[in-house]
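Peer 1: Based on what follows, work out the 3D shape:
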Amino acid sequence: MIGFKKYINKKNIVSASVFFSILFLTASLLFYFLNISTNKTANTKKHTLDETVLKTTACQTVPGIKFVTAVIKPIEFEINNRFWGWRPNDLIEFTDNINNFQLGVLEVTRRSVVALAERISRTGSTASFDKNLGDAMNWFMVKSDSFWFPSAESKYKTGIKNLNDYIKRLSISDASFYTRTDNLIPLLSSYEDLLGSCDEDLIKQKKDGDNSNSFIADNYFYYAKGVTSSLYTILQAIQIDFKETLNSRHGAKLLAHAIESCHTASNINPWIITDSKLDGILANHRANIAAPVSHARFYIGALIKTLST
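Peer 2: Numbers count the residues shown, from 1 in each chain. Model prediction:
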């Protein structure tokens, strides 16, 4: 007992404290890298993808190729190019920011593919569904956290393949893509609803009876970033493929404003998410991103009204 007390002296306590402090700092830096640094890298790469969507298909005159390519790019990046791949179905969740970002991307993909399958590729309600789009719609409906039988990644990859097959068929006039106003309006309405949901989560003070705080605020923040990042890519393609429809109703400027708002939201990259009071010293990052999200929703809503008249 005397020897044990002799061993645990002030010098050993200080050494142990230093060791555990370094260990904690190392773990914190690793967590920072996984949650923040990879997200910033992804944003940089996604902007490159945005330009690629427009440049690589610039020679194509077939309507729909740019739009479907833009629908594919965000989800394809998250599955095939994101460090650590698809994360919402990981058995052990080491990160949550990227997870929520990917869920936002997935939701935009789902709504876009549903609009493609049910409306944009059909002449009317009595027309048959396109086989590739019908299959893709089903695969993207697989739960995001499904780990096995089936795994989310495998089915989403199959859905991407179906969309690429549809693009090939479009290029040889073996598939249809109709840029009518009555096809564009439901697509934009689904985006407006999604942005409205994000807006509500970003400004509300309670979630299911629990006070909102910094521990869950980042979930809403990164989900909204995933949504706006995908919409930024897709709306640019709509600007091209639906150009005649937009110009005929004088809606091009409204869409351009929505694109800019999505771009602004997707480029807000704080190191740490804080959920301070609006008049507090620290930032309220939910409120910061809520402004451009709300603007994007407003301009899309205004565009829908313009197209409807």
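Peer 1: For the rest of this, base every contact and every neighbour count on C-alpha atoms.
Peer 2: Noted.
Peer 1: The lengthiest helix in the chain: what's the following helix or strand?
Peer 2: Longest helix in the chain by number of residues, with DSSP state H as the criterion: helix 214-241. Using DSSP states H and E, the helix or strand that follows helix 214-241 in sequence is helix 243-248.
Peer 1: Just the CA atoms of the helix or strand just after that next one, as CSV, please.
Peer 2: Downstream of helix 243-248, the first helix or strand assigned by DSSP H and E is helix 252-266. What follows is helix 252-266, C-alpha atoms only, in CSV (Å, rounded to 0.1, in the frame of the first residue of the first chain):
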residue,chain,number,x,y,z
ALA,A,252,-36.0,32.2,-66.4
LYS,A,253,-35.1,35.0,-63.9
LEU,A,254,-37.0,33.5,-61.1
LEU,A,255,-35.2,30.1,-61.6
ALA,A,256,-31.9,31.9,-61.7
HIS,A,257,-32.6,33.5,-58.3
ALA,A,258,-33.6,30.0,-56.9
ILE,A,259,-30.3,28.6,-58.2
GLU,A,260,-28.3,31.4,-56.6
SER,A,261,-30.1,30.9,-53.3
CYS,A,262,-29.3,27.1,-53.4
HIS,A,263,-25.7,27.9,-54.2
THR,A,264,-25.4,30.3,-51.2
ALA,A,265,-26.9,27.7,-48.8
SER,A,266,-24.7,24.9,-50.1
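Peer 1: Just the pLDDT for Lys204.
Peer 2: With respect to pLDDT, Lys204 scores 83.
Peer 1: where in the protein is pLDDT low?
Peer 2: Along the chain, the model assigns pLDDT under 70 to residues 1-60, 206-215.
Peer 1: mind listing the strands for the chain?
Peer 2: Using DSSP state E, the strands found in the chain span residues 206-207, 210-211.
Peer 1: Next one: Ser230 from Asn97, what distance?
Peer 2: 16 Å (Cα to Cα, to the nearest Å).
Peer 1: more crowded one of the two?
Peer 2: Using other Cα atoms under 10 Å, the more surrounded residue of Ser230 and Asn97 is Ser230, with 29 against 21.
Peer 1: you'd agree that one is up against Glu107?
Peer 2: No - using Cα atoms under 8 Å as the test, Ser230 is too far from Glu107 to be in contact (9.4 Å).
Peer 1: Pull the contacting residues for the nearest residue to Asn183 once chain neighbours are set aside.
Peer 2: Using Cα to Cα, 6 or more residues apart in numbering and skipping residues adjacent in sequence, the residue nearest Asn183 is Ile120, 5.4 Å away. Listed by Cα atoms under 8 Å, 6 or more residues apart in numbering, the contact set of Ile120 reads Phe177, Tyr178, Thr179, Asn183, Leu184.
Peer 1: With Ser121 instead?
Peer 2: With contact set as Cα under 8 Å, 6+ apart, Ser121 has these partners: Phe129, Asp130, Ala175, Ser176, Phe177, Tyr178.
Peer 1: how close does the spatially closest residue to the second one that is not a sequence neighbour sit to Asn269?
Peer 2: Once flanking residues are discounted, Asp130 sits nearest to Ala117: 6.5 Å by Cα to Cα, 6+ apart. Here the criterion is Cα to Cα. By it, Ala117 lies 34 Å from Asn269.
Peer 1: And those two? Which one has more around it.
Peer 2: Using other Cα under 10 Å, the more surrounded residue of Ala117 and Asn269 is Ala117, with 21 against 17.
Peer 1: Tabulate the contacts of Ile120 in TSV, adding columns for neighbour count and distance to Ser190.
Peer 2: Formatted as TSV, these follow (neighbours: other Cα atoms under 10 Å; distance: Cα to Cα, whole Å):
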residue	neighbour count	distance to Ser190
Phe177	22	18
Tyr178	18	18
Thr179	19	17
Asn183	20	12
Leu184	21	10
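Peer 1: Just the ones of those residues in helices?
Peer 2: Secondary structure assignment by DSSP H places Asn183, Leu184 of the contacts of Ile120 in helices.
Peer 1: ok now do the closest residue to Asp218 other than its chain neighbours, which residues does it touch?
Peer 2: Leaving aside its chain neighbours, Asp218 sits nearest to Ile273 (5.8 Å; criterion: Cα to Cα, 6+ apart). Shown in contact with Ile273 (Cα under 8 Å, 6+ apart): Ser214, Ala217, Asp218, Asn284, His285.
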